[in-house]
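Engineer: the following comprises the amino acid sequence and a computationally predicted model.
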Amino acid sequence: MSQRRKQFPFDTFEPRWQQHWEEEKTFSVPNPGEEGFDADKPKYYALDMFPYPSGSGLHVGHPEGYTATDIICRYKKMNGHQVLHPMGWDAFGLPAEQHAIKTGEHPRVNTENNINNFRRQLKSLGFAYDWEREVATTDPEYVKWTQWIFLQLYHSYCCEETGQARPISELEEKGLSREEIDEKRLAFVADTPVNWSPDLGTVLANEEVEEWKSKGHTVERRPLRQWMLRITAFAQRLIDDLDDLDWPEGIKMLQRNWIGRSDGAEVQFKIGDDEVTVFTTRPDTLFGATYMVLAPEHPLVEKIVTADQKAAAEEYIKSCSTKSDLERTELAKDKTGVDTGAKAINPVNGEEIPVWIADYVMMGYGTGAIMAVPAHDDRDYEFAEKFDIPIIEVVQAPEGNEDKCFTGQGTAVNSDFLDGLSTADAKEKIIAWLEEKSLGKRTINYKLRDWLFSRQRYWGEPFPIVWRDGHHYGIDESELPLLAPELDDYKPTGNPEPTLAKAAEWVELDDGSIRETNTMPQWAGSCWYYARYCDARNSEAFISKEAEAYWLGANGNPGGVDLYIGGTEHAVLHLLYARFWHKVLFDLGHLSTPEPFHKLVNQGLIMGEDGQKMSKSRGNVVNPDEVVEQYGADSLRLYEMFMGPLEQVKPWSMKGVEGVYRFLGRVWRLVYEADQEGEWQLRSQLTDGEPDAATNKVVHATIKKVGEDINSLAFNTAISQMMVCSNELGKLEQLPVSSVVSLLQVLNPFAPHITEELYSALQGAYSDLPKSDLANQDWPEYVEDYLVEDEIELVVQVNGKVRDKIKVAADASKDECEELAKASEKVQGHIDGLTVRKVIVVPGRLVNIVAN
RNA sequence: GCCGAUGUGGUGGAAUUGGUAGACACAACGGACUUAAAAUCCGUUGGCCUUUUGGCCGUGCGGGUUCAAGUCCCGCCGUCGGUACCA
């Protein structure tokens, strides 16, 4: 291929246009108050999920979403919007740190190299980013505001009445003690069992465990003192506010499931003199509780276990604690447990039931204790079967249901005063009864855990916290950013002591206080980058009021970012964390919308040519650099969009790239032809005459369809329409320049280099053409009149089968259509000898003659 | 197991949301140009039958609704993601 003559000299003009855009600042957009800002223009904010700048550089999956937003942004600009289209780097991350451990080089060096490579690659694709707003989460200026936001969390609590974040000072005014206040902070310290990975040298969030384990790292549970963020206080708002977002339903569902609200009740059971509270979503089945289960880690176990069961229980608890998570899930099918010998009293009927310990009950959810109703819960049923515990039916299944263990809604039986009630009514009644007797209360539980926010790594934002006399204090804003010191050796300490603890002179302050040595997780920087882009160089605030109001302003939508495109892998974590931070900043008055992202679109994964996921080990990774070298950036962009619907998973095909490359070649040759010497010169068919009706029709149909398709993100069909258009134009003996220009205008957002190049060539020869670049021109308007046809093709069916196609006047009446259809010879042949029962006429479409 | 996507030619995918299935590409085949090739241009291309005209079948499978179903309803099957004892 490289030896073959290129169909058009993309290798010379693509870099030239890229340079032109950079020099002219074509895609830089001013902020309120800056020169060139037009307050009357509507804004459009399209955001790409920013990449982690890995050492291997961009692969062809990255530019899929980036091209989509680029097309939309260029289109919106042509339609009179001020467009915010930024790019940056999620630059903290473990690979750079591991590189530092190996080489002793500061991770910043490696990170900067990778960023430079990514930036070069992105620029080579001609994206219309405003590079003046570029951010990297590792920049000291960025770290400063990440730490500032952490301090906002640290200095806030969630008001129970309003559910909103409020300043801690309100609690101080109410006279709460230091300890009481520390327990309410949105950023707080807790001793919790955490996921510690010895080979990574850090703890992981619950959400991260699976990912790292699948990469072969070991993760174990250990109790450690950690910083947590109180995301659970926002659980309900994080569920409720999903409703008004324009997100794929599947993603909303993932988030709802992750937060995992369940409605039920807490019920108190007596065990001797002690009380155990259980959580259940089915209080209506209380009469069917035949045993109780405590999690092995439950604090009461030790106290209640009877002497003769003590040995067995201790052994069981020990075996549970040494089981890895993996073993626990793999053994999930087989229930295990030990009877404690203790008896609990069922509060509804005073009956004694045995108390077991079993690892199918988790300490981390609800109260760590359950009442077991084997007749109506699959897990309890399985357990009861295995250990021969009685099963009492208390819910009658609807007619026809023969499940051995019925878990659905039915009618209460064997339940005293609940008998005959529907499941819903029984729940209400029993809850009222429990509350009246002070034996329990209505309770809502969430699966969502507080966010474990500290890591023991080096390459992350240090906490802006110091310790003095066993208390933590936020450092003063004026001391931000607090940067990590250089180290001689970046190796983890090998125990849960953070790497930063090695830097004694950094940790120990003159006044005797000690710096917090944990660092923040990678999620921190990505939680708020969309806001920083709006005012990326502001050193006074993380975002100015004015920039916030314009770029993230309400606009009638709950979210300020108009369009956010990225992969599904961030469906839960990143998007949930960012929404949480956003709500806190919203409550504190720093942001004016309750949500960050109004419309979310997930681009589908691009697979290798072999249909497998792209990976180094499979050797099927496609590097965009090669594609750009062989076919040019426009071809890559166009192919990424032509492959299929944006949200679908689809395999890469170099042949497909060649296809769109050939299309661009045909567009090139609409304008240029090669002379004897092989030099490009304007094509002789070009004319400044008026297009004929057929040409106008296809051109204006293309303008219309491409505009509509961009709005609905259906880029593949927009491209196919432009192919149709160029095929038609290519056939003309006399090719009107105006028609070519229209095609170039609508193709410009997709293939900006070649279209600008051809347009500037036409400008040279046709002085009537506007002097500005296509990028700065208005989107062309289509003329509806050109699209209407005098005569249309009418399909004629007999009994639903197509038998003929006839030409009729576009405005033919129903009766006329019917008559013409019946007059068709072919139709005659099919209805001959039959009686016409009915004729359906869909004007402009078809006639269906029903006959038998 | 549960949840969510998805299933259309040899391939990627179209189809105004009930109205001509296969647009646009890729691949393949044939032709033009060329000493030859590449590139380009022009044709053919869902399957089966038919010399043509034409006919029959066809959107994972089986039913249903309708004048009309890729599209709507019911029941299955396959593939790909996510999730996993959450009481």
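Structural biologist: That came through, no problem. Numbers count the residues shown, from 1 in each chain, chains lettered A, B, ... in the order given.
Engineer: A:Met641 and A:Phe715 touch, don't they?
Structural biologist: Yes: between A:Met641 and A:Phe715 a contact is recorded at 3.8 Å, counting by C-beta atoms under 8 Å. All C-beta spots, glycine's among them, are computed from the backbone N, C-alpha and C.
Engineer: okay, and the common contacts of those two?
Structural biologist: Shared contacts of A:Met641 and A:Phe715 (C-beta atoms under 8 Å, 6 or more residues apart in numbering): A:68, A:71, A:750.
Engineer: closest residue of the stretch 501-650 of chain A to RNA strand B?
Structural biologist: A:Gly644 (3.2 Å; C-beta to the nearest atom of the strand).
Engineer: please report phi then psi for the residue lying closest to that residue once chain neighbours are set aside.
Structural biologist: The shortest distance from A:Gly644 to any non-neighbouring residue, by C-beta to C-beta, 6 or more residues apart in numbering, is to A:Lys650 (4.6 Å). Reported as degrees, to the nearest 10, the phi and psi values for A:Lys650 are phi -150, psi 150.
Engineer: let me know the closest of the shared contacts of A:Met641 and A:Phe715 to A:Leu200.
Structural biologist: Of all the shared contacts of A:Met641 and A:Phe715, A:Leu200 sits closest to A:Ala68, with 34.4 Å by C-beta to C-beta.
Engineer: tell me how far the helix or strand hosting the closest one is from the chain's mean position?
Structural biologist: Secondary structure assignment for A:Ala68, by DSSP states H and E: helix A:62-78. Helix A:62-78 has its C-alpha centroid displaced from the chain centroid by 18 Å (C-alpha atoms, centre = their mean, to the nearest Å).
Engineer: packing partners for it?
Structural biologist: Counting contacts by 3 or more C-beta pairs under 8 Å, 6 or more residues apart in numbering; DSSP states H and E, helix A:62-78 packs against strand A:43-48, strand A:82-84, strand A:563-566, helix A:633-642, helix A:693-711.
Engineer: ranking the ones you listed by burial, who's on top?
Structural biologist: With neighbours taken as mean count of other C-beta atoms under 10 Å, the helices and strands packed on helix A:62-78 reach their highest mean count in helix A:633-642, at a mean of 27.
Engineer: tell me which helix or strand comes right after that one.
Structural biologist: Per DSSP H and E, the first helix or strand lying C-terminal to helix A:633-642 is strand A:650-651.
Engineer: so for whatever helix or strand comes next after that following strand, mean pLDDT?
Structural biologist: In the C-terminal direction, the helix or strand that comes right after strand A:650-651 (DSSP H and E) is helix A:654-671. Average pLDDT, helix A:654-671: 94.
Engineer: so is helix A:654-671 next to RNA strand B?
Structural biologist: Yes: under the criterion of C-beta under 7 Å from any atom of the strand, RNA strand B is reached by helix A:654-671 at A:655-656, A:658-660, A:662-663, A:665-666.
Engineer: just the buried residues of these.
Structural biologist: Among the residues of helix A:654-671 next to RNA strand B, those that count as buried by neighbour count (16 or more other C-beta atoms under 10 Å) are A:656, A:658, A:660, A:663, A:665.
Engineer: about what we covered before: out of the shared contacts of A:Met641 and A:Phe715, which is nearest to A:Pro107?
Structural biologist: Out of the shared contacts of A:Met641 and A:Phe715, the member with the shortest distance to A:Pro107 (by C-beta to C-beta) is A:Ala68, at 32.0 Å.
Engineer: so that closest one sits right up against A:Asn716, yeah?
Structural biologist: No: applying C-beta under 8 Å, one finds A:Ala68 not in contact with A:Asn716, separated by 10.9 Å.
Engineer: intersection of neighbour lists for the two?
Structural biologist: Common neighbours of A:Ala68 and A:Asn716 are listed as A:Met641 (criterion: C-beta under 8 Å, 6+ apart).
Engineer: break chain A into its domains for me.
Structural biologist: With domains defined by automatic domain parsing, chain A comprises A:1-25+A:651-788, A:26-134+A:524-607, A:148-233+A:450-523, A:261-445, A:789-851.
Engineer: what's the local residue count around A:Val827?
Structural biologist: Residues lying near A:Val827 (other C-beta atoms under 10 Å) number 21.
Engineer: residues in contact with it?
Structural biologist: Counting by C-beta under 8 Å, 6+ apart, A:Val827 touches A:796, A:798, A:803-804, A:821, A:849.
Engineer: wait, is it part of a strand?
Structural biologist: No: under the criterion used here (DSSP: H, G, I helix; E, B strand; the rest coil), A:Val827 is helix, not part of a strand.
Engineer: what parts of the stretch 401-550 of chain A come near RNA strand B?
Structural biologist: Residues of the stretch 401-550 of chain A lying near RNA strand B (C-beta under 7 Å from any atom of the strand): A:445, A:447.
Engineer: quick one, helices of the stretch 401-550 of chain A?
Structural biologist: A:423-436, A:504-507, A:523-526, A:529-532, A:545-551 (DSSP state H, counting those that start in this stretch).
Engineer: so which of those helices comes closest to A:Leu575?
Structural biologist: It is, among those and with distance given as C-beta to C-beta, helix A:523-526, at 10.0 Å.
Engineer: just to revisit the earlier point, which of the domains of chain A sits most buried?
Structural biologist: Highest mean neighbour count of the domains of chain A: domain A:26-134+A:524-607, a mean of 20 (counted as mean count of other C-beta under 10 Å).
Engineer: end to end on it, go ahead and measure it.
Structural biologist: 34 Å (C-alpha to C-alpha, to the nearest Å).
Engineer: same deal with stretch A:168-183?
Structural biologist: Start-to-end span of stretch A:168-183 (C-alpha to C-alpha) is 11 Å.
Engineer: from A:Gly175, how far out is the residue nearest to A:Ala233 when sequence neighbours are not counted?
Structural biologist: Leaving aside its sequence neighbours, A:Ala233 sits nearest to A:Cys158 (C-beta to C-beta, 6+ apart; 3.7 Å). Per C-beta to C-beta, to the nearest Å, A:Cys158 is found 19 Å from A:Gly175.
Engineer: A:Lys616 now?
Structural biologist: To A:Gly175, A:Lys616 is 60 Å away according to C-beta to C-beta.
Engineer: which residues does the spatially most central residue of chain A contact?
Structural biologist: Nearest residue to the geometric centre of chain A (C-alpha atoms, centre = their mean): A:Ala571, 3.9 Å. Shown in contact with A:Ala571 (C-beta under 8 Å, 6+ apart): A:250-251, A:254-255, A:602.
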